[in-house]
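Student: Got a predicted model here, sequence first, then my questions.
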Amino acid sequence: MTGGPEPISDAAREALERELADLRTERETVAATLRGGERVGDRADEADELQRGTELDRLDTRIAEINGRLREAAVAGPPRTDKVGVGSTVTIRFADATETTVQIGEVAEALDRTLVTADSPLGRALLGRRAGDTISYETPEGRSTAVVLSLGDVDNRS
């Protein structure tokens, strides 16, 4: 990662925008349950109120993070297609001849098997590479290699 504004893929932007919408809905629901300065009943009510306040803080923090990341991505512009960077879509062929298309991101979504984080062994090996480059990286089974076939959308493969 460059330390400056990093681009983001369209798929990652859409995922962040969906998460943001969900967080805002959840925040509205939690905020509506807070009593807002009213005297609460017993200690259990007080603890519940504090827990909802903590949840509201967590939601606000994540909303701010996503808003910041989306603003940064807007400044950075579209992902590069000349060499692999954060936000790039990359098609690679592994040593066993299987091919896959992945996106280089900052944070992996738990259920997104096409996202490779920039700080993972494969992600680090891909950063800065170009179509045609052979990369080498560590896996739990040992050293592995792959070839960068193309950058950009799958439709733009050369």
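Tutor: Noted; the coordinates are in hand. Numbers count the residues shown, from 1 in each chain.
Student: strands paired with the helix or strand of the chain with the lowest mean pLDDT, and their directions?
Tutor: The weakest-scoring helix or strand in the chain, judged by mean pLDDT, DSSP states H and E, is strand 115-117 (a mean of 84). According to DSSP bridges, strand 115-117 forms sheet pairs with strand 99-105 (parallel).
Student: which residues are in contact with the strand it pairs with?
Tutor: Identification of contacts with strand 99-105 by CB atoms under 8 Å, 6 or more residues apart in numbering yields 8-9, 11-12, 84-94, 114-118, 122-123, 126-127, 149, 154. For glycine as for every other residue, the C-beta is placed from the backbone atoms N, C-alpha and C.
Student: Please point out which parts of it sit buried.
Tutor: Neighbour-count burial for strand 99-105, with 16 or more other CB atoms under 10 Å as criterion, is recorded at 102-105.
Student: and if you look at stretch 69-84?
Tutor: Quick answer for stretch 69-84 (16+ other CB under 10 Å): 69, 73, 76, 79, 81, 84.
Student: Distance check, the last one against Glu49.
Tutor: Val84 sits at a distance of 49 Å from Glu49 (criterion: CB to CB, to the nearest Å).
Student: swap in the fourth one?
Tutor: Counting by CB to CB, the separation of Pro79 from Glu49 is 44 Å.
Student: if we can go back for a sec, which SSE is immediately downstream of the least confident helix or strand of the chain?
Tutor: helix 121-126 (DSSP states H and E).
Student: That following helix - contacts with which helices or strands?
Tutor: Helices and strands touching helix 121-126, as assessed by 3 or more CB pairs under 8 Å, 6 or more residues apart in numbering; DSSP states H and E, comprise strand 99-105, strand 115-117, strand 134-139, strand 142-151.
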